[in-house]
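Asks: mind folding the following:
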Amino acid sequence: MITLAIVLVVVVIAIAAAQAARRRSPDAPSTPAAAAPAQLDRGDFDLPEREWLLVLFSSATCLSCADARATVAPVDLPTVVVQEAPLETHKGVHQRYRIDAVPMVVLADREGVVRWSSVGPPTADDVARALAEAGATD
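Replies: Predicted coordinates:
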């Protein structure tokens, strides 16, 4: 009987301590991840009449942008326009689409609907898969 009483006291103390710790302080707010735009105005980019736009948002101070550039530059498809939008020369476009992380690569269709995006340098396989899944390689 004494053992049962000791166990009950320990359980009650553990529950009280857990509740006190939970009330002590709230969790720190998480930092949201960079988000790609869901829609682009194709008039903001080269060759809006092409079926697909593959745009690299970049910056001269971005070290990994060279990797992203090397991945998207070889894309040579008649239905796809590849365009780089460096912050230094396309600041208004970066602001308009709230680009807060570079490199960011976005694949948009003729209406400007973003079908795929990558924050950070994508691999060549990522880009090839995105183009194939979107039907841009047909």
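Asks: the protein: strands as residue ranges?
Replies: Counting by DSSP state E, the chain has these strands, from start to end: 52-58, 80-86, 104-109, 114-119.
Asks: in the third one, what's buried?
Replies: Applying a neighbour-count criterion of 16 or more other CB atoms under 10 Å, one finds 104, 105, 106, 107, 108, 109 buried in strand 104-109. From N, CA and C alone the C-beta is placed, and that goes for glycine too.
Asks: ok, what's across the strand from the fourth one?
Replies: What that stands for is residue 107. Counting by DSSP bridges, residue 107 forms beta bridges with residue 54, residue 116.
Asks: hmm, residue 115 and it touching each other?
Replies: Yes - taking CB atoms under 8 Å as the definition, residue 107 is a contact partner of residue 115 at 5.2 Å.
Asks: any shared contact partners between these two?
Replies: Counting by CB atoms under 8 Å, 6 or more residues apart in numbering, the shared contacts of residue 107 and residue 115 are 130, 134.
Asks: one step back: so which of the strands of the chain is nearest residue 93?
Replies: strand 80-86 (5.3 Å; CB to CB).
Asks: parallel or antiparallel, which strands does that closest one pair with?
Replies: According to DSSP bridges, the neighbouring strands of strand 80-86, each with its direction, are strand 52-58 (parallel).
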